[in-house]
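Enquirer: how does the following fold in three dimensions:
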Amino acid sequence: MPKNPQHQNPQPGRDLQQAHPVLPGQRREPQAPQPPRQHPQRYAEARAHRVLDRAADAVWREVRDFPALAAWHPAIASSTAHPDDPRLRDLVTTDGLRLTEALHAVDDTLMTLEYGFVAHPFPLTDYRARLEVRAEGDTRSSVIWTATFRPADGDGAALAAQFEEGVFAVGLEALGTRGRS
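Expert: Just a heads-up that it's a prediction; the model follows:
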């Protein structure tokens, strides 16, 4: 039995005016335009990697000391454990920005540390970073510093580049020169 097209359910993407005809004597009410569909906001990623002429254990000792970031990172003017929670660190950058970061996980066997922003001035949400130290023989190591986040606007590429170049690469270079005379 053929279906009557006037009684079919509207299909996605099909014009509703065609699916629901107007009978004689009826008026069609104007419909407000529908906003475009929003795609879920995507994550951006920042990443830096360096091979250092330092043993992995020595590098890991410095990276693992979460509140002591200012001891090795030249862009951090001060870094202290939060007075109410030792898993939080309060940072002040050399250009005066204030941040609070939370330590989420530390694995001494894998030499990984994960943290995120608690308070910060950046146009982003859901920032999660990871530092990983790997042995490259007895006297060398590689360090990978990554972060993912949701940018407030756009694709986050410019902000990711700022983290990669102004934070991660600078910090990794400084880690590489520590302990040398």
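Enquirer: just checking, next helix/strand downstream of the one helix or strand in the chain whose mean pLDDT sits lowest?
Expert: Across the helices and strands of the chain, mean confidence by mean pLDDT, DSSP states H and E is lowest for helix 16-19: a mean of 41. Counting by DSSP states H and E, the next helix or strand C-terminal to helix 16-19 is strand 44-52.
Enquirer: tell me the helices and strands packed up against that next one.
Expert: In terms of contacts (3 or more C-beta pairs under 8 Å, 6 or more residues apart in numbering; DSSP states H and E), strand 44-52 is packed against strand 141-151, helix 157-163, helix 169-177. Where C-beta positions appear, they are placed from N, C-alpha and C, glycine not excepted.
Enquirer: pop out the phi and psi values for Ala152.
Expert: phi -70, psi -40 (degrees, to the nearest 10).
Enquirer: per-residue pLDDT, the closest residue to Arg87 other than its chain neighbours?
Expert: Leaving aside its chain neighbours, Arg87 sits nearest to Leu103 (4.4 Å; criterion: C-beta to C-beta, 6 or more residues apart in numbering). We have a pLDDT of 98 for Leu103.
Enquirer: quickly list what Leu103 is bridged to.
Expert: Counting by DSSP bridges, Leu103 forms beta bridges with Tyr115.
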